[in-house]
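> Need a 3D model of the sequence below.
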Amino acid sequence: IVHFTYEKNDDKHDSSRFNTLESIPLLNTTVNFALESMRAESNVYTIGARYDFHPSAAFKIDFSRFDDDITDTETDVVAVGVDLVF
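Numbers count the residues shown, from 1 in each chain. Model (predicted):
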């Protein structure tokens, strides 16, 4: 069995969301900075295969490419596993 998966992550946090905390400027700045640092824009492409070599065992392999649009970086991951049912 072969599969392909696509994932898009577009988390945008309004950095001025907590500007109503004007009475506590340090808390306001800290919270807004934390929200801005959690912003994420990425795409993940995965192709994989599964081979059932026994009625209670399967071999699986996946190749994933993670594209981070904020840092303009790509990361490749290969995952290999054997699933056993007993």
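> For the rest of this, base every contact and every neighbour count on C-alpha atoms.
Noted.
> can you map out the helices along this protein?
For the chain, the helices defined by DSSP state H occupy 25-37.
> ok, and the helix or strand in it with the lowest average confidence?
When the helices and strands of the chain are compared on mean pLDDT, DSSP states H and E, helix 25-37 comes out lowest with a mean of 70.
> Can you list the low-confidence ranges for the protein?
Along the chain, the parts satisfying pLDDT under 70 run over 11-25, 28, 34-40.
> rerun that using 90 as the cut-off
Counting by pLDDT under 90, the chain contains low-confidence residues at 8-42, 68-73, 86.
> show me where it has strands.
2-11, 40-54, 57-68, 73-84 (DSSP state E).
> Reformat these as JSON lines; add distance to residue 26.
Below are these laid out as JSON lines (distance: least, C-alpha to C-alpha, whole Å):
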{"stretch": "strand 2-11", "distance to residue 26": "25"}
{"stretch": "strand 40-54", "distance to residue 26": "24"}
{"stretch": "strand 57-68", "distance to residue 26": "30"}
{"stretch": "strand 73-84", "distance to residue 26": "33"}
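> could those strands be laid out in CSV, adding mean neighbour count?
Below are the strands of the chain laid out as CSV (neighbours: other C-alpha atoms under 10 Å):
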stretch, mean neighbour count
strand 2-11, 11
strand 40-54, 15
strand 57-68, 16
strand 73-84, 11
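> measure the closest residue in space to residue 10 that isn't next to it in sequence to residue 8 for me?
Once flanking residues are discounted, residue 10 sits nearest to residue 41: 4.5 Å by C-alpha to C-alpha, 6 or more residues apart in numbering. Noted for residue 41: a distance of 8 Å to residue 8, by C-alpha to C-alpha, to the nearest Å.
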